[in-house]
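>>> could you look at this predicted model? Sequence included:
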Amino acid sequence: MHPDYANVSYYPNYEEYAARNNNRLDDGSIDQTLPPGFPRLLNSKMVWEGESFSPHEHTSSDGTECILELNGSQVAEIDAALKHFQALKRPLSELSPSTFPLQLLHPNLRSVSENLHKGYGFTFIRGVPVDKYNAEENMIIYVGISSHIGCVRGRQDKSFEGNPADVMVAHIADFRHPEGDDKMVIPAYTDGEVPFHTDLGNIVSLFTLSEPVTGGETVLASSWRVYNELARTRPDLIRVLANEWDIPSASKDAVVRRLPLLFYQPPHDAAPERIIIQFSRRSFSKLSANPLSKPLTEAQRDALDALHFLAKKFQVSIPLKKGDMQFINNLSIVHARSSYVDDSTHRRHLLRLWLWDPENSWEIPNQLRHRWDSLYDPASSHGPQVFPLHPTARSMATVQNRT
């Protein structure tokens, strides 16, 4: 019999994982068959390794590469679009390509969307002079630029200042109380390391308003490269990931969802074959808002660890500089974050959007549609759209410390 695990550690242990993996490889009992129809190898620009990624070779000003370095005329056009929107005196919820016009930059931003959905799966836009603007102006610039990449924004919280609302922008910073309390803050809202995971939504975007003293790099890995390595070395874990898992709710409603962590979409006339990985290690750890309904199996624990350590093997680590915007395809990229250090004058502070580009969007697996509707469907609205200008923790940013 294999042991059961009530929880996994939020921070995976490589020595433990390697020992279990080597034992499984040595005993010769691994079933080498993949689930029916699943590919042995994915071939695409989506398959890449961090050690072969050169920022210099992947930088352009037209949006076709992974780094779009804004030039002087593009920055000037962004400034003009800001002034145009301010003159309209409309709420931020009405930011769109028509109210934030970027005639010259728009084709480049559409190329960014193409790269996210059909290319490498991630793009950084660099060169926004954030110190030139106040909080509201930076918010307008961020939401305005991003609307040309993904025109539909997802709600990230359902209340603001105690009232029902659609909170469209999240602030990512260290929200811990200096005096401490009986709650454990979700790691994303601390200065700690965040292991590999996916968020909700099609496109996950960040905008760097200020940097820490050190650390806080964004870390990305190709889910497709991870899949290829699993198919080569541990196809049994692909079967485990493609089976349904009992996943506790991230909120306090105690609902358990039964979902695979890996989805395969066969090719058809409108799209090539794709794999989609969606997971958060936190859901299966003591940092989850709710306990597991049943313990994980050893195979499930191995699968979670394999996702993390293979992503780490193929990762690219990119410092987020002030004024950087990051856009990743949340369906093809897993991401993580290194720990960081703030001080009284240097505090890591990011804005986050969950975006959807209907023109280029991938098909969403049926089992994920309910979660996606909760983000993007107008029928799921909780109230007026809110774009908090100053750091405010999400209503779900803390969980009770379970033992």
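Structure's in. What do you need?

>>> element containing residue 146?
When secondary structure is defined using DSSP states H and E, the element that contains residue 146 is helix 135-147.

>>> which residues touch the helix or strand following that helix?
Going down the chain from helix 135-147, the next helix or strand is strand 152-153, by DSSP H and E. Strand 152-153 is contacted by residues 143, 146, 147, 168, 353, 354, 355, 356, 357, 358, 376 when judged by Cβ atoms under 8 Å, 6 or more residues apart in numbering. From N, CA and C alone the C-beta is placed, and that goes for glycine too.

>>> show me what contacts residue 146?
By Cβ under 8 Å, 6+ apart, the contact set of residue 146 is 153, 205, 325, 327, 353, 355.

>>> quick one: which of these is nearest to residue 372?
Comparing the contacts of residue 146 against residue 372 with Cβ to Cβ places residue 355 closest, at 12.2 Å.

>>> bridging residues for that closest one?
Partner residues in beta bridges with residue 355, using DSSP bridges, are residue 153, residue 203.

>>> what about the helices in the stretch 151-300 of the chain?
Listed in chain order, the helices of the stretch 151-300 of the chain (DSSP state H, counting those that start in this stretch) span residues 223-233, 235-242, 298-313.

>>> on that earlier part again, closest to residue 270 out of the contacts of strand 152-153?
Nearest to residue 270 among those, counting by Cβ to Cβ, is residue 358 at 13.8 Å.

>>> would CSV of the contacts of residue 146 with neighbour count and pLDDT be doable?
Rendered in CSV, the data for the contacts of residue 146 read as follows (neighbours: other Cβ atoms under 10 Å; pLDDT from 0 to 100):
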residue, neighbour count, pLDDT
153, 26, 99
205, 27, 99
325, 26, 99
327, 27, 99
353, 25, 99
355, 25, 99
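
>>> among those, which pair sits farthest apart?
Maximum distance among those (Cβ to Cβ): 14.4 Å, for 153 and 325.

>>> circling back to that earlier point, selection in ChimeraX covering whichever of the contacts of strand 152-153 are buried, please.
Paste this into ChimeraX to select the buried members of these, with burial taken from 16 or more other Cβ atoms under 10 Å:
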select :143,146,147,168,353,354,355,356,357,376
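
>>> now do the helix holding residue 146, average pLDDT.
Over the span of helix 135-147, the pLDDT mean works out to 99.

>>> likewise stretch 225-242?
Per-residue pLDDT values over stretch 225-242 give a mean of 97.

>>> swap in stretch 21-38?
For stretch 21-38, the mean per-residue pLDDT is 88.

>>> Throw the contacts of strand 152-153 into JSON lines and include distance to residue 286, thanks.
Putting the contacts of strand 152-153 into JSON lines (distance: Cβ to Cβ, whole Å) gives the following:
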{"residue": "143", "distance to residue 286": "36"}
{"residue": "146", "distance to residue 286": "35"}
{"residue": "147", "distance to residue 286": "39"}
{"residue": "168", "distance to residue 286": "30"}
{"residue": "353", "distance to residue 286": "29"}
{"residue": "354", "distance to residue 286": "26"}
{"residue": "355", "distance to residue 286": "31"}
{"residue": "356", "distance to residue 286": "32"}
{"residue": "357", "distance to residue 286": "36"}
{"residue": "358", "distance to residue 286": "38"}
{"residue": "376", "distance to residue 286": "31"}
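
>>> go through the contacts of strand 152-153 and name the one nearest residue 194.
Here the nearest of those to residue 194, counting by Cβ to Cβ, is residue 354; it sits at 16.6 Å.

>>> for stretch 338-357, list the C-alpha coordinates in CSV.
Taking Å, rounded to 0.1, in the frame of the first residue of the first chain, the C-alpha atoms of stretch 338-357 are listed here in CSV:
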residue,chain,number,x,y,z
SER,A,338,11.5,34.7,-5.6
SER,A,339,11.5,36.2,-2.1
TYR,A,340,12.4,39.8,-1.7
VAL,A,341,13.5,42.5,0.8
ASP,A,342,11.7,45.9,1.3
ASP,A,343,12.9,48.8,3.3
SER,A,344,11.4,52.2,4.2
THR,A,345,12.1,53.7,0.8
HIS,A,346,12.0,50.7,-1.5
ARG,A,347,8.7,48.7,-1.4
ARG,A,348,7.7,46.1,-4.0
HIS,A,349,4.3,47.2,-5.3
LEU,A,350,2.6,45.7,-8.4
LEU,A,351,-0.9,46.0,-10.0
ARG,A,352,-2.5,42.9,-11.4
LEU,A,353,-5.1,42.3,-14.1
TRP,A,354,-6.8,39.1,-15.3
LEU,A,355,-7.5,39.7,-19.0
TRP,A,356,-9.3,38.0,-21.8
ASP,A,357,-8.9,38.6,-25.6
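
>>> which parts of that stretch are buried?
Within stretch 338-357, the residues that qualify as buried by neighbour count (16+ other Cβ under 10 Å) are 340, 342, 347-357.

>>> remind me which residues of the stretch 151-300 of the chain are low pLDDT?
For the stretch 151-300 of the chain, applying pLDDT under 70 flags the ranges 178-185, 250-255, 288-293.

>>> where exactly do the strands run in it?
Taking DSSP state E, counting those that start in this stretch as the test, the strands found in the stretch 151-300 of the chain are 152-153, 157-160, 163-167, 170-172, 183-185, 194-197, 203-210, 214-215, 218-222, 245-248, 256-259, 262-265, 274-277, 296-297.
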